[in-house]
Structure formats: structure tokens, C-alpha cells
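[1] Got a predicted structure plus its sequence, pasted below:
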Amino acid sequence: MRTWFIVCMTVLALLPGMAAAQGYRIALLLDGAQKDSTVLLARYGGNSKYAVDTALTDAQGRAVFSKETPLPGGLYLFASGGMLLFDFLISDDDSQQFSVHYKKNKDKSVDIIYENSPENVAFLDFQKYLGQRQRAGNRLREQAQKDSSFASIARDSLKIIADEEKAYTRQAMEQWKGKLLASMARAVQPPAPAPEPEIPKDAANGDSLRWVYYYNWEKDHYLDNLDLSDARLLNTPVFQPNFEYYFQNKLIQHPDSIIPQIHAALELAKADSTMFMFCLGHLFNTYIQWKTYTINDEYAMGMEAVVLDIINTYYLSGQAAWAEKDTTFMKSIREYAHYNAHSLVGMKAHDLKMQTMTGEYVSLYDIQTPYALLIFFDSNCGHCKTEVPKLHEVYTKYKDKGVQAFCVYTQVNQPEWLEFLQKNRLEDWINVWDPYRQTGFIDWYGVNTTPQVFLLNKDKTIIARRVSHDLLSQLLGLYIDKEPIKDTAEEAENSDS
């Protein structure tokens, strides 16, 4: 097959008008198609499909797709009448001139017959082989479930099947090196299993050591078979799901675990500008929209630290040169960095010395209770009107268990402030304001929306930020009453201004 491929490409190169620069020309013969049937050419892109071109069939069922601009490498499909016909590969500019026959047999089976596309012939064989192996494996598992005495035979047979699949895949990767088929064959392979750890059998913390060992192995090797330098994989269904699964399921969901792996992945992706642009943008969008907390016995962590690191390391450093052309985007991320830089979980809360209603100055650091609530609100904010009373209900439950509230009115209308406090019976809070903005609280705590709620420990370290009353209740229940969190993926409510 390889000899034929070389000869075929040589002949094509000598034909006038058939140079790679001419774009693509794909002729499809579709058995059973009526004249003027619409055939869709589409491209895979992550979890979606995108229309690329359409053509009408002639009286013989032929449809020709042709344009002067080459198709980007990726996995494509033909569809007609709302039904997907089959997938095929485009590797490079040299693989965009071919014919294919969608042949319907009398027994209702279908054959896909390519002319001048040896990679797609191999791709079709690859799909058939893996499908056969998968079906054989499923039969073995089903039989083992029905008959326990067959389990040992099934395990041995499944290992043989797995070894055969690996050998077949390695052969395809070698034969089609540099082509998309090789990258896809590699991408669908699971990462290499970890070697057995060298941990003494009598180790007191053996189980923990094993967990750490296997976690680190998967962390370092899960993406080994996903070629982050091959942008063609972006136009397939195999890249994005694996990339997302790695960051969301294979890593400890904590900024300290996620940030180094983002750096490692993006360093590999820099080998291809398109891949780098996609990976950076995808990671940024993922974590800036992240709405869940990772909660432990000391902190409730969000992903703001991850977003800040991405912004500072890649966007504001100039590594994402394409983004600099979007002034609106750059302005928004600069504001995000500005309003989040000083109030992340784990940071020491900045002290605020503010006036009470009577003009007396009170400091946040004067609070000596084990926990302090730092609340920012606006009496005219619609969400504040419903959320602040609920926060007070949580506070009332825990005020005798070591919690005090430092509540900051963010506006300058003293009568409205007093009315709000009296109406909602908030007089047992430390109520303060800064009408002349002397403390810089907006910048220190990113108070560009209200309400904003921070939970501090006795050392005034931020242990949770921008939490809802529901999450606050669960956190204080965990930290004070030692009650387990009902849902460790508790979603924070969005604050409205």
C-alpha cells in the first residue's frame, strides 16, 4: 500500500492544476441519492460539528466539493437527509484530492470505497479493527458475568486482545507518521500504567504513599498520548474531551495543583500557535466560569487564583499577542486582575479602619473572635435586600459560637443606611462606612458588585470569599459544629450590583 501511495502522489504532482495550493476537490458518489439531493460536508470541532460546504447530487448521485482554499487538517464527515454517512480524514494539503463511493449492497450493508486516499483506506481499516476487538471484548465480559468459572479465561483473552490492539496501533502510528491518522491512533490509547511503587509492606502510611504515587503518575502521564503540538487534533472529537477530563478529574481541584499543570501543558502547546491559542483560551474560559468550591477543614477554595495566574503569566505578559488586538477583552481582564489580586483565599485580609454611625472609628483587626464575617452591601441593591437578611440569620445562629460581623455600607446616604439597618435588625453587627473612600476598600476587596461576603479566621486570613448565605451556613457548620458539608461542589450564588 505504501508503494502505491508514493507512486500515486508522484503522478498527481506532475498533473497540471493538481498542485496542493489549488485547495480541495472531493468527489462523492452516493448510491441511492436522487438528483439534487443536498449533501453536507462538516468538520468536527471538540464536542461539536461545523458545516463547511454543501453540494447537490447529479442524476447519478455524484456530488463534488471543491474550493481553492485548502481544508484545515481534521476529521470530517458527510451527511445527507439528516443522516451521518461516514467520517474521513484530511491530514494536509496533499490529501485533499480524492474520490469516494458510498456503496449500498443488496444485504443493506454499506461499503466505503476510496480512490486516491490511502490514509482514509487505512483509517477505515483501523475503525473496523478496533470495532471488532471491542465487540469481542464485550462478549468475553458478558460471558464472564454469566459464568464465574469463565472469568479467568476471559481475563487472559482480554489481555491478548489488548496486546493485539496496542501492536496494531503502534504499527499504524509508525506507518502513518506525520499524518493525522497517527496522531489520532496515539490519542485514543490509554496512558502507560504506572510501575509498581517501591513501598515497604510494613510502612505505617503505605496506603497514603500508594495514593500519592499513583496520583502523581497519572498527573504526569495522562496527557502523554495527546499530541499538544498537533493542531489537527482540535478538529476531531478526541482532543477536547480528554483535555477537559484531565484538568477536571485527574487533578486535585486546588489552584496549587492546577496551575503547574496549566504551565506544563501550555509549554507543550506553544509548538503550534493554533494549539496554544486554543488551549490558553479554553483554560481561561473554563476557570473564569468555574462556580464550585473545593472545601476542606480550613478553606473554601475557588479558582480565582488560577484565573489570575493565567492572566498575569500569559495575557498581560504579551505571550497571547492575538488577544492584545481586542481592547475590550484586555480591559476586562486587567480589571479582573485588579479587583481580585488582594483578596484571594489564603491571603491575609487587609485591615479596614472605618467609621460607625456615631463617628467612632473601628478596625476590622479589632475583632478577636475565631471567625469574622466581612460584608459589603448597598441598601439599594436588589440582591442585597434579599441576601443580607439571610446572612444575618446565619450570623444569629453562630454569633455566640465565636463569630462577629464587620458590615460595610458602600454608599454615602446615611439615612438610607440607617433605615436598612433598622428594618432588617442588623444593629448587632459592627456597622461601618467610608463615605470619602479613604480606606480603598473597593480595590482591596474588589467591591465592584454587591453583596460581597468574606469569611476570615482568627488570624484574619481569608478562608472563603464571595459566598452565599447557604454556603456560609455550611462552612460555619463544618468549622464550628464539625458537621460534614452536604455538597462539596456547592455553587456560589452570583452577586448582583
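    Structure's in. What do you need?

[2] can you give me the strands for the stretch 351-497 of the chain?
    In the stretch 351-497 of the chain, the strands defined using DSSP state E, counting those that start in this stretch lie at 353-356, 361-363, 371-377, 403-409, 430-433, 452-456, 462-465.

[3] wait, is R135 part of a helix?
    Yes - counting by DSSP: H, G, I helix; E, B strand; the rest coil, R135 is found in a helix.

[4] what number of residues lie near it?
    10 (other CB atoms under 10 Å). Backbone N, C-alpha and C define where each C-beta goes, glycine included.

[5] packing partners for the helix or strand hosting A265?
    Per DSSP states H and E, A265 falls inside helix 255-269. Under the contact criterion of 3 or more CB pairs under 8 Å, 6 or more residues apart in numbering; DSSP states H and E, helix 255-269 touches helix 239-249, helix 273-288, helix 304-310.

[6] for these, which one sits closest to Y215?
    Distance to Y215, taken as CB to CB, is lowest for helix 239-249 among those, at 11.9 Å.

[7] so what's V11 scoring on pLDDT?
    You'll see V11 listed with a pLDDT of 29.

[8] Roughly how far does the residue nearest the centre of the chain sit from L268?
    What sits nearest the mean C-alpha location of the chain, by CA atoms, centre = their mean, is E244, with 4.0 Å. As judged by CB to CB, to the nearest Å, E244 and L268 stand 16 Å apart.

[9] can you check L251 too?
    Taken as CB to CB, the span from L251 to L268 is 16 Å.

[10] do S317 as well
    Relative to L268, and taking CB to CB, S317 is found at 18 Å.

[11] quick one: which of these two has more around it?
    Neighbours were counted for S317 and for L268 using other CB under 10 Å; L268 has more, 16 against 9.

[12] State the helix or strand in which the closest residue to that one other than its chain neighbours lies.
    Spatially, and ignoring its direct neighbours in sequence, L268 is nearest to L228 (4.0 Å; CB to CB, 6 or more residues apart in numbering). Assigned by DSSP H and E, L228 falls within no helix or strand.

[13] ok, L228 - how many residues close by?
    Quick note: L228 (other CB under 10 Å) scores 21 neighbours.

[14] quick one: contacts for it?
    Residues near L228 by CB atoms under 8 Å, 6 or more residues apart in numbering: 265, 268-269, 271-272, 275, 279.

[15] what pLDDT does F5 get?
    Reported pLDDT for F5: 28.

[16] And for S229?
    pLDDT, S229: 96.

[17] among the helices and strands packed on helix 255-269, which is the most enclosed?
    Most buried of these, by mean neighbour count (mean count of other CB atoms under 10 Å): helix 304-310, with a mean of 22.

[18] Now do that helix: which elements does it pack against?
    Under the contact criterion of 3+ CB pairs under 8 Å, 6+ apart, helix 304-310 touches helix 255-269, helix 273-288, helix 327-340.

[19] wait, doesn't R43 sit right on K49?
    Yes - using CB atoms under 8 Å, R43 is in contact with K49, at 7.0 Å.

[20] The helix holding A265 to helix 239-249, inter-axis angle?
    Note on geometry: by axes from the mean of the first three to the mean of the last three CA atoms, to 10 degrees, helix 255-269 and helix 239-249 are set 160 degrees apart in direction.

[21] So which residues make contact with helix 255-269?
    For helix 255-269, contacts defined as CB under 8 Å, 6+ apart pick out 219, 223, 228-229, 243, 246-247, 251-252, 275-276, 278-280, 283, 287, 301, 303, 305-306, 309-310, 313-314.

[22] how far out from the middle of the chain is that helix?
    13 Å (CA atoms, centre = their mean, to the nearest Å).

[23] Restricting to C-alpha, output that helix in PDB.
    Output of helix 255-269 as PDB, limited to C-alpha atoms (Å, rounded to 0.1, in the frame of the first residue of the first chain):
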ATOM      1  CA  PRO A 255      -5.100  26.100  42.500                       C
ATOM      2  CA  ASP A 256      -1.700  24.800  43.800                       C
ATOM      3  CA  SER A 257      -2.300  21.600  41.900                       C
ATOM      4  CA  ILE A 258      -3.900  23.100  38.700                       C
ATOM      5  CA  ILE A 259      -1.600  26.000  38.000                       C
ATOM      6  CA  PRO A 260       1.700  24.000  37.500                       C
ATOM      7  CA  GLN A 261      -0.100  21.600  35.100                       C
ATOM      8  CA  ILE A 262      -1.500  24.500  33.100                       C
ATOM      9  CA  HIS A 263       2.000  25.800  32.700                       C
ATOM     10  CA  ALA A 264       3.300  22.400  31.600                       C
ATOM     11  CA  ALA A 265       0.500  21.800  29.100                       C
ATOM     12  CA  LEU A 266       0.800  25.300  27.600                       C
ATOM     13  CA  GLU A 267       4.600  25.000  27.200                       C
ATOM     14  CA  LEU A 268       4.000  21.900  25.000                       C
ATOM     15  CA  ALA A 269       1.100  23.700  23.100                       C
END
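
[24] mind listing what's buried in it?
    Buried residues in helix 255-269, defined by neighbour count with 16 or more other CB atoms under 10 Å: 255, 258-259, 261-262, 265-266, 268-269.

[25] Distance-wise, check Q261 relative to L140.
    Here Q261 is placed at a distance of 36 Å from L140 (CB to CB).

[26] about what we covered before: export the contacts of L228 to a markdown table and tack on pLDDT and distance to E483?
    Shown next, in a markdown table, are the contacts of L228 (pLDDT from 0 to 100; distance: CB to CB, whole Å):
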| residue | pLDDT | distance to E483 |
| --- | --- | --- |
| A265 | 98 | 38 |
| L268 | 97 | 43 |
| A269 | 97 | 43 |
| A271 | 97 | 49 |
| D272 | 96 | 50 |
| M275 | 97 | 46 |
| C279 | 97 | 40 |
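
[27] And the closest residue to A59 other than its chain neighbours, how far from Q60?
    Once flanking residues are discounted, A59 sits nearest to K35: 4.8 Å by CB to CB, 6+ apart. K35 is 9 Å from Q60, where distance means CB to CB.

[28] go on, I160?
    46 Å.

[29] Output the below-cut-off pLDDT ranges for the protein.
    Applying pLDDT under 70 to the chain picks out residues 1-21, 487-497.

[30] what's the domain layout of it?
    Annotated domains of the chain cover 1-186, 206-340, 353-479 [automatic domain parsing].

[31] Redo the ones you listed as a markdown table? Include distance to P195.
    Formatted as a markdown table, the domains of the chain follow (distance: least, CB to CB, whole Å):
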| stretch | distance to P195 |
| --- | --- |
| domain 1-186 | 17 |
| domain 206-340 | 8 |
| domain 353-479 | 38 |
